[in-house]
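S.K.: Okay, predicted coordinates and the sequence, questions at the end:
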Amino acid sequence: EGLVIFDTGLVIQAGEQKKRLLAMTGEQPIAKVILSHSHADHVGGARLWLQPTTELVAHEAFPEEQRYLTELNPYLHRRNRLLFPWLPEQPSTLPGMNFRGLQPDTLVDNDQPYRFTLGGREFVVIAAAGAEGADNVVLWLPAERALLSGDFFGPQFPQFPNLFTMRGEKARKAVEYATSIDALLQLQPEVLLPSHLDTVQGTEIIKAGMIKIRDAVQWVHDQTVAEMNAGQS
């Protein structure tokens, strides 16, 4: 009944990625493209996948987060070059390299997962804010007990999340993040598929890692609040 694409990579890589993926699946309609959040390495190739009948799915905060990143692009690009020296000195202005201005067809509410069935397989898109921004979603496959996590856990698992970034994006909310982990713990995933690096397998391994991340975030939050209230600088 068509393909479901979760995240679309950097625009400079998307063409090769699409070629390789379609070699595995064969040419089929692109039913849905789901974007985990508005960062360039997740939305860059979206336009290469979109067809007239494709449904584009993202978090309800995606339009605002995309606007914010677009408005600050010159500043963030300069900062990103300190971390990724291979980036060009100036942001590209080539029309084909423009990955902003995406308009989702379906926006996922923080309080209401988006469920659909395609080809007899059930999909659940879940809002999981507090990770890589306010517009973070994950994709849950109940039958396979597989969680496509985007950058919710960062590129490695487990790791302390990027609640602030060296490039200077606005900070993410620690309590909101811990609440999102509590919700995902209820799923009891057997397979974790992040958008970077390796797959993680094993219900107990994944559960222990999620709890470790949540408790670390909560501890840093609580200590920070306590010392602020005690008058520490």
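M.R.: Perfect, thanks for sending it.
S.K.: okay but Val43 is in contact with Phe99, surely?
M.R.: Yes: contact status for Val43 versus Phe99: in contact at 5.7 Å, counting by Cβ atoms under 8 Å. To be clear about C-beta, it is placed using only N, CA and C from the backbone, and glycine gets the same treatment.
S.K.: quick one: which of these two has more around it?
M.R.: Each of Val43 and Phe99 has its neighbours counted (other Cβ atoms under 10 Å); Val43 has more, 27 against 23.
S.K.: show me the contacts for the more buried one.
M.R.: Applying Cβ atoms under 8 Å, 6 or more residues apart in numbering to Val43 gives the contacts 7-8, 35, 37, 66, 99, 102.
S.K.: repeat that for 10 Å
M.R.: 7-11, 14, 33, 35-37, 56, 58, 62, 66, 69, 99-100, 102 (Cβ atoms under 10 Å, 6 or more residues apart in numbering).
S.K.: just Ala128 next, same as before
M.R.: Per Cβ under 10 Å, 6+ apart, neighbours of Ala128: 36-37, 59, 108, 110, 136-138, 147, 149-150, 152-153, 176-177, 179-181, 183-184.
S.K.: Can you get me a residue count around Gly120?
M.R.: Residues near Gly120, counting by other Cβ under 10 Å: 7.
S.K.: Phi first, then psi, for it.
M.R.: When read as degrees, to the nearest 10, the backbone of Gly120 gives phi 80, psi 0.
S.K.: And the one 4 residues further on, by the same measure?
M.R.: Geometry field for Val124 lists phi and psi as phi -130, psi 120, criterion degrees, to the nearest 10.
S.K.: Output the lowest mean pLDDT helix or strand found in the protein.
M.R.: One helix or strand of the chain scores below all others by mean pLDDT, DSSP states H and E: helix 73-83, with a mean of 89.
S.K.: chain center to that one: distance?
M.R.: 20 Å (Cα atoms, centre = their mean, to the nearest Å).
S.K.: ok, the nearest residue to Ile211 once chain neighbours are set aside - contacts?
M.R.: Nearest residue to Ile211, sequence neighbours excluded (Cβ to Cβ, 6 or more residues apart in numbering): Leu185, at 7.3 Å. Shown in contact with Leu185 (Cβ under 10 Å, 6+ apart): 206-207, 210-211, 214.
S.K.: Just among the residues you listed, which is most surrounded?
M.R.: Neighbour-wise, the contacts of Leu185 (other Cβ under 10 Å) top out at Ile206, 25 neighbours.
S.K.: Help me confirm that it comes into contact with Pro194.
M.R.: No: using Cβ atoms under 10 Å as the test, Ile206 is too far from Pro194 to be in contact (11.2 Å).
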